[in-house]
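Participant: got a sequence here, can you build the structure:
(2 chains)
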Amino acid sequence: MFHVPKNALYKTISRRKFLELGGGAAVALGAGSLGVGLGSVISKHPVHAASSMDAKWRQYEGSKLVFMSENTPPSFAIRDNIKSFYDLTGIEVEILTDGLPTVQQKVGIDLRSGQADYQLNYVQDKPIGSPFADFYADLNEFSVDDTLPLDPQGYGDNVWFENFLDACGVYYERGPIRAFPYDCAVSCTFYRQDLFEKLTKDFEADYGYRMEFTDDTTYKNMVDFAAFFKMMHERDSSIPYGYGQHHGSFGWTTQLDIQRHMYAQNQWLDFAVDDTLGSKNPGPANWGDAQSVKSMAGYKALADVSHPDNLTNGTLELNTVYAAGGVAMQIQYHEFAASVEDAEQSVAAGGKTAYAMGPKGEQSWNVATSNVVNATNCGIGGIGINAGASTDLQRAAFIFASWACSHETQLMVLQGVGGTPTRRSVLDLPEVKAARNRPTSMPNALTFEAVYDKGIRSPNMVLGPKLPKANEYHEIVRVGTQQCISGELSAQEACESIGDELNAMHGV
Amino acid sequence: MAVNTIHREPPEQSAYRGVRRVDHSPQIFNNQPARYYLMWLLLPAVLLLAAISLYPFVWLIYMSLHEVQLAPGKSDLWAGVDNFTRLFSDKSFARGWVTLFKYSALCLSVEISLGVLVAVILNNSRLEKLFITIFLMPMMMAPVVAGFLYMFLYNGTFGWYFWLLRSLGVLDGGTILGNKSWAMAGIVATDVWQWTPLIALITLAGLKRVPQEQLEANMVDGAGPLRNFFSVALPNLYPFLLIAILLRFMDNFRFIDTILIMTGGGPANATKILPTYLFDVSFKFFELGRGAAIAFTLLLLTILLGLILTKIFEDPTRKIKTDGMD
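Facilitator: Numbering: from 1, shown residues only, chains lettered A, B, ... in the order given. As a prediction, the model looks like this:
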């Protein structure tokens, strides 16, 4: 085929040799692909109920599991400390992390395929749990199995904060538990106390009342605060904008943002269903009714005086804007306190930020009653086990899930990169109680009063609807809300459009 | 190989004297001894192609005609043409098409104009090779990386382009990706930045093939550079431009990486082109049947538009070829 000099030093490869090499390479590649594809390994050492606790922990020594999780602090902390789990059990756990939209897609494809490459999943209640609940093993079966190393506190509803187990573990029916609460992101208000104190006299001169943030601060007050900051920013660009909303490309962030606003007024809900259970047939949507239109108009009024990047800032981006000194207030998830209080990456650290519950509803924005609440919502990230995995893989996965949600592990995460405990017992520890005040080594604890003592208590907490088509629902709400904020649709048109699309989605 | 046979026609009958013609006519098999073993040699390649393209295509049609079930153990339900008829009342589907055409038209027109201009400027210039190497750099970047790069450049807090446009007074209030009109311009600009070099490269290759004698003859007739370009160079570029347009047109219908990274289709669906919506339906909502129906319509229309584009450019192409042979 090619010219070869007569005195060439190399030898030609015969056709037979070439085929042999090619065949060998193909076999090696195939075997390698299989090895990569089949990431999990199971190795079993039978135990009995009477076996020692050590034997129960180590019954799957030599096994390997894969945990697909969101890139949240608990997963980072657990990955950093995974050796302690390995030392305890001999089970190797590979923790893969990614942004929630990507996790949602990867987990969905894996569950749908039935391959169970990810035996352990981060089950974020609405985007992952709601559409895929049926694909997860019922953890009740494991939590009463005395051949497994069960948590001494147990897994009942009372060991977790109220509604947490329902939020991430119960879908559409009472009975099966699909996930244990692994971490939580609960909303609260982060605001620049230093700027509030500095500018309150100017604000009072214009608006006639002091610029303070209390439990009675309403969304109408927020509009005033944000308008004042915006005016000040236009005069002096070193003063930040007042407020920022969550409207990133991920539909759930926008839906959560407006959900708080809507619920604060008259405890308004999208559907007439029990949010702790959710529904596969939620019936007609409430979007388009008089209360939704009035609340949406208020939301638009707030958007008009907020940060100009409102329509692109998702949750993470908004926090970056706040940490960079771009806004003076944000309603944010309490897990972000750790980054806000990190002086290396935040100008709002060092006592400049204070934390409070979300604003209260504005009575004048109510249609019928005077019922207003400090709406608080959340994302409860559960840890679930892929029902497509073999029984032994599921049992080994349960050992990890139980350990990852245990009191000791949650404390370890809280002391490390800033965890968000889901077990009540963690907050009772003296060191955690002490950490609620500055100076603190657990910055997330600064939010605990606003979050655990007040925000998640009834009537403030809103879980949001669990629907099999949750992700489409989030997207419909996102688009309608953004159309209103951008001025494309009026509040009434936007609410009616959302209602029509939701009803069409559910065939109502 | 047997399929390509060189013919030499009698000189008096040949319009292409001295030119070796390659005949692709299948009739040559009739003159050859049957060599059926060739079919067996082709079989692995055919099977491989069938596995990687035919099987998914058949599966796509299957899914588009079913309600694909997600729950374990449940069989897919026959839906007939429901997934297709539902598209008629799907506002996002219709809007996705409109946005896609708008996006594609903007990208193509700017890229072709700029690409041809860059190629003409670079053609036969002293530092042609250096400049073309520099211009090609954006094209070497993964679209995801380009998306992140421009997302940061447009950022309303620290983005350099945002600062520049704001300082120039072009951007009044709001931000680039937070404003519906600006967001579309932003993603078009990213596409133009990344893919204009491809058009320039293809056009430059075409310019090298423009017959010098035609250009010289035109100049002798008194044509200036502009006239020379439109009368001689541009008609000779048609086949090359066709390739460039077809490539970019199909890319615009397929590539969603940049848009997903930069806007996710927002704000308020302003940049949600149909393939982005298809991605949402299939991999966010996991409505695989509906997603397959959308994909099928997208495929059909892409083929149809490809044929139309080829037809538009076909006649000038043939004319040039014939002219060149005379």
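
Participant: all contacts plus neighbour counts: C-alpha atoms, from now on.
Facilitator: Fine.

Participant: contacts only, for the closest residue to B:Thr258 other than its chain neighbours.
Facilitator: Distance criterion Cα to Cα, 6 or more residues apart in numbering or on different chains; nearest residue to B:Thr258, sequence neighbours excluded, is B:Gly147 at 4.3 Å. Under the criterion of Cα atoms under 8 Å, 6 or more residues apart in numbering or on different chains, the neighbours of B:Gly147 are B:190, B:257-259, B:261-262.

Participant: so of the residues you listed, which ones are in helices?
Facilitator: Counting by DSSP state H, the contacts of B:Gly147 place B:190, B:257-259, B:261-262 in helices.

Participant: please identify the pairing partners of the one helix or strand A:Tyr191 maps to and their relative orientation?
Facilitator: Assigned by DSSP states H and E, A:Tyr191 belongs to strand A:180-192. Within its sheet, strand A:180-192 is paired with strand A:327-333 (antiparallel), strand A:353-356 (antiparallel), strand A:378-385 (antiparallel), according to DSSP bridges.

Participant: quick one: the strands in chain A?
Facilitator: For chain A, strands defined by DSSP state E occupy the ranges A:64-70, A:92-98, A:120-124, A:180-192, A:241-244, A:327-333, A:353-356, A:378-385.

Participant: for residue 310, what are its contacts?
Facilitator: Chain wasn't specified; assuming chain A. Residues near A:Asn310 by Cα under 8 Å, 6+ apart: A:244-247, A:303, B:178.

Participant: let me rephrase: I mean chain B.
Facilitator: B:Leu242.

Participant: right, and the secondary structure at the residue nearest to B:Thr258 would be what?
Facilitator: With DSSP: H, G, I helix; E, B strand; the rest coil as the basis, B:Gly147 sits in helix.

Participant: can you tell me how far it sits from chain A?
Facilitator: 13 Å (Cα to the nearest Cα, to the nearest Å).

Participant: read off the pLDDT value for that residue.
Facilitator: Note on B:Gly147: pLDDT of 95.

Participant: distance check, it against B:Phe93.
Facilitator: From B:Gly147 across to B:Phe93, the span is 24 Å (Cα to Cα, to the nearest Å).

Participant: check A:Ala323 too.
Facilitator: Distance from A:Ala323 to B:Phe93, by Cα to Cα: 39 Å.

Participant: the two - which one has more neighbours?
Facilitator: A count of neighbours by other Cα atoms under 10 Å in any protein chain shown puts A:Ala323 above the other of A:Ala323 and B:Phe93, at 23 against 20.

Participant: and the gap between the spatially closest residue to that one that is not a sequence neighbour and A:Thr353?
Facilitator: The spatial neighbour of A:Ala323 that comes closest, neighbours along the chain excluded (Cα to Cα, 6+ apart), is A:Ser346 at 4.4 Å. Remark: distance between A:Ser346 and A:Thr353 (Cα to Cα) = 10 Å.

Participant: higher neighbour count, those two?
Facilitator: A count of neighbours by other Cα under 10 Å puts A:Thr353 above the other of A:Ser346 and A:Thr353, at 22 against 18.

Participant: partner residues bridging the residue nearest the centre of chain A?
Facilitator: Nearest to the centroid of the C-alpha atoms of chain A, with distances taken as Cα atoms, centre = their mean, sits A:Gly379, at 4.3 Å. A:Gly379 has these beta-bridge partners by DSSP bridges: A:Ala185.

Participant: can I assume it is in contact with A:Val186?
Facilitator: Yes - applying Cα atoms under 8 Å, one finds A:Gly379 in contact with A:Val186, separated by 6.7 Å.

Participant: what does the residue nearest to A:Asp270 when sequence neighbours are not counted show for phi and psi?
Facilitator: Distances taken as Cα to Cα, 6+ apart place A:Asn286 nearest to A:Asp270, at 5.2 Å, with adjacent residues excluded. With angles defined as degrees, to the nearest 10, A:Asn286 sits at phi -80, psi 0.

Participant: pull stretch A:283-294 out as CSV, backbone CA atoms only.
Facilitator: C-alpha atoms of stretch A:283-294 as CSV (Å, rounded to 0.1, in the frame of the first residue of the first chain):
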residue,chain,number,x,y,z
GLY,A,283,-58.2,18.6,39.6
PRO,A,284,-58.5,22.2,38.3
ALA,A,285,-55.8,24.7,39.1
ASN,A,286,-56.6,27.8,41.2
TRP,A,287,-54.4,29.9,39.0
GLY,A,288,-56.6,32.6,37.4
ASP,A,289,-58.8,33.2,40.5
ALA,A,290,-59.0,36.7,42.0
GLN,A,291,-56.5,36.0,44.8
SER,A,292,-53.9,34.7,42.4
VAL,A,293,-54.2,37.7,40.1
LYS,A,294,-53.9,40.2,43.0
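
Participant: if we can go back for a sec, of all the contacts of A:Asn310, which comes closest to B:Met141?
Facilitator: Proximity of these to B:Met141 (Cα to Cα) peaks at B:Gly178, which lies at 25.0 Å.

Participant: correct me if wrong: that closest one contacts A:His307.
Facilitator: No - with contact taken as Cα under 8 Å, B:Gly178 and A:His307 are classed as non-touching, separated by 10.3 Å.

Participant: more neighbours, these two?
Facilitator: Taking other Cα under 10 Å, B:Gly178 and A:His307 do not tie; A:His307 has more neighbours (29 against 26).

Participant: my read: that one touches A:Glu234, true?
Facilitator: No - A:His307 is not in contact with A:Glu234 according to Cα under 8 Å; the separation is 11.8 Å.

Participant: how about the residues of chain B by chain A?
Facilitator: Residues of chain B lying close to chain A (Cα under 8 Å from any Cα of the partner chain) are B:70-72, B:156-157, B:173-175, B:177-180, B:263-269, B:281, B:283-286.
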